[in-house]
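Trainee: From the sequence below, what's the structure:
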Amino acid sequence: MKVARTREERILLKLIAGTALAFVIAGFIVQPPQSVLLGIGHILSPNNILVTDFIELGGVGGAFAQAGLLTLVGCALYYLTGAKVDGAAVGCLYMLLGFALFGKTLINVWPIMLGVALYARYKREPVREIVTVAIFATALSPIFTQVAFNSALSRWISVPLGFFLCVLLGFVIPSIARQLFRAHNGFTLYNMGFVAGILGSVVVAVLSSYGLRAQPAMVWSSGSDKQILVMIVLILVSLVAAGLQIERNPWKAYRDLHRQTGQAPTDFLAASGFGATLLNMASVGVIATCYVLFIGADLNGPVLGGIVSVIGFGACGKHSLNILPIFVGVILGALLKPYGLTDPAVVWAALFGTCLAPMAGRFGPQWGILAGFLLVSVGQTTGVLSAGLNLYGNGFAAGLIASVLSAVALSISKQRRGTDQPQEVQQVPAA
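Mentor: A predicted model of the protein is given here:
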């Protein structure tokens, strides 16, 4: 059955697909076609685990092209299934583009998505209802690579085993995600990171007893700042242009958008309109980029992935007022602890830690600062639990922090209001 889309949805899907295509074209501009294809081959080789900067593996051209192609596949899934292009879908596709620069590939995402599709069939739900969940769930896609190609087992055993394990994980993720959402009640925007962290830790515990190899050293490149900065500028300009095309005067709605807390599930597209949402996505992208440039961090695959993810979630929870306290908290956490602001883990904590924006939006900037401060430490340890097999490592850490801090903050706010009924989210999304 053909699903009718609104004009705005069609523009959004074209905008994201156009951005992905621009990455592919840029890849072939910055490097010769032969080098790009060779680079994609290196990226698809079965030895990648968090964090592997695909720019280091396949060059700027290979990394851009692979990320763009995978995102075009994601756009095709939305188009062919008729899935709704809402705020969560926008965040999902931009996150897919970002993580395709350092973890997700054209090969390793399929077993997880197949598992989610089988779950939908089992529950007799339309496939279009689970596309967003399926793509988010590919946070655990490195498990397939690790079990299938990096274990001590023979390939004729390891490949089917890795495939079956990931299909099984994809099958159980949607129901687990709904339950675990209640733990943090929407105060982290990366619910799937929380879910993947817990599932990944269980899988790692089991695999470790069978000789799981230790995570290899982090691959973190430098020297590609100019090409990456150009791509960021193109993304931001396209968002502003599209926003003003959809809505000639979105400024009042854009100002009003900042009054929302961002607590999940939030859809700025539905609440504030498409023009205001696209302007918001551009503004949080500018803030994230300026932060990276201000501290002097490298612009590489993982950092670009973090910035793009911030941009995407500007459609479903993040805005300038609720992410700035997170950045402040991370800066304080780095300065008051034995870390440097440009350490890879700290840069990641700042960019991906903005998923804790609802803490600041709902309870005030002081809670956002505290959340960012804690994330610098918690994020250093949670990655060990999942041994790099959960691409949303900071999402896992943020879920733990949100579960604890939100309970305390809700208790305090309830006491101040003198009521026994704290505001809670009634709608529980799977992703």
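
Trainee: so what does the helix or strand hosting Ala89 touch, helix or strand wise?
Mentor: With elements taken from DSSP states H and E, the one containing Ala89 is helix 87-99. Helices and strands touching helix 87-99, by 3 or more C-beta pairs under 8 Å, 6 or more residues apart in numbering; DSSP states H and E, are helix 7-30, helix 54-81, helix 131-136, helix 268-272, helix 301-312. From N, CA and C alone the C-beta is placed, and that goes for glycine too.

Trainee: residues contacting Ile29?
Mentor: Gly61 (C-beta atoms under 8 Å, 6 or more residues apart in numbering).

Trainee: List the residues that contact Val292.
Mentor: With C-beta under 8 Å, 6+ apart, Val292 has these contacts: Leu299, Val303, Ile307, Val347, Leu351.

Trainee: can those residues go into TSV with extra columns for distance to Leu140, neighbour count and pLDDT?
Mentor: Listed next are those as TSV, based on distance: C-beta to C-beta, whole Å; neighbours: other C-beta atoms under 10 Å; pLDDT from 0 to 100:
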residue	distance to Leu140	neighbour count	pLDDT
Leu299	27	23	94
Val303	22	28	95
Ile307	23	27	97
Val347	23	24	95
Leu351	21	28	96
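
Trainee: Quick check: of the residues you listed, which lies closest to Ile326?
Mentor: Leu351 (9.5 Å; C-beta to C-beta).

Trainee: what sits against the closest residue to the closest one other than its chain neighbours?
Mentor: Once flanking residues are discounted, Leu351 sits nearest to Gly306: 3.1 Å by C-beta to C-beta, 6 or more residues apart in numbering. By C-beta under 8 Å, 6+ apart, the contact set of Gly306 is Gly98, Ala288, Val347, Trp348, Leu351, Phe352.

Trainee: Just send these back as TSV, with secondary structure too.
Mentor: Supplementary listing: these in TSV, determined by DSSP: H, G, I helix; E, B strand; the rest coil:
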residue	secondary structure
Gly98	helix
Ala288	helix
Val347	helix
Trp348	helix
Leu351	helix
Phe352	helix
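
Trainee: what two of those residues are the furthest from one another?
Mentor: Among the contacts of Gly306, Gly98 and Val347 lie farthest apart (C-beta to C-beta), at 13.6 Å.

Trainee: quick one, helices of the stretch 151-300 of the chain?
Mentor: For the stretch 151-300 of the chain, applying DSSP state H, counting those that start in this stretch gives helices covering 155-184, 191-208, 225-246, 251-257, 268-272, 274-295.

Trainee: Quick one: those as TSV, columns for mean pLDDT too.
Mentor: Shown next, in TSV, are those (pLDDT from 0 to 100):
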stretch	mean pLDDT
helix 155-184	92
helix 191-208	87
helix 225-246	94
helix 251-257	96
helix 268-272	95
helix 274-295	97
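
Trainee: Relative to Gln380, which of these is closest?
Mentor: The nearest among the helices of the stretch 151-300 of the chain, by C-beta to C-beta, is helix 191-208 at 13.8 Å.

Trainee: counting contacts, what elements does that closest one pack onto?
Mentor: Using 3+ C-beta pairs under 8 Å, 6+ apart, helix 191-208 is in contact with helix 142-149, helix 155-184, helix 365-386, helix 393-417.

Trainee: Tell me which of those is the most buried.
Mentor: Looking across those with neighbours counted as mean count of other C-beta atoms under 10 Å, the highest average goes to helix 142-149: a mean of 24.

Trainee: Let's test this: mean pLDDT of that one, rounded?
Mentor: The pLDDT scores in helix 142-149 average 85.

Trainee: Give me the angle between it and helix 191-208.
Mentor: Put simply, helix 142-149 runs at 20 degrees to helix 191-208, going by axes from the mean of the first three to the mean of the last three C-alpha atoms, to 10 degrees.

Trainee: show me what contacts the closest residue to Thr261 other than its chain neighbours?
Mentor: Distance criterion C-beta to C-beta, 6+ apart; nearest residue to Thr261, sequence neighbours excluded, is Gly361 at 3.6 Å. By C-beta under 8 Å, 6+ apart, Gly361 lies in contact with Gln260, Thr261, Gly262, Gln263, His319, Leu321, Asn322, Gly368.

Trainee: and the first one, backbone torsions?
Mentor: The phi and psi values for Gln260, taken as degrees, to the nearest 10, are phi -80, psi 150.

Trainee: how about low-confidence regions in this structure?
Mentor: Applying pLDDT under 70 to the chain flags the ranges 1-4, 46-51, 211-218, 383-388, 415-431.

Trainee: Try it again at 50.
Mentor: Flagging of the chain using pLDDT under 50 yields the residue ranges 420-422, 426.

Trainee: Centre-most residue in it?
Mentor: The residue lying closest to the centre of the chain (C-alpha atoms, centre = their mean) is Met95, at 4.1 Å.
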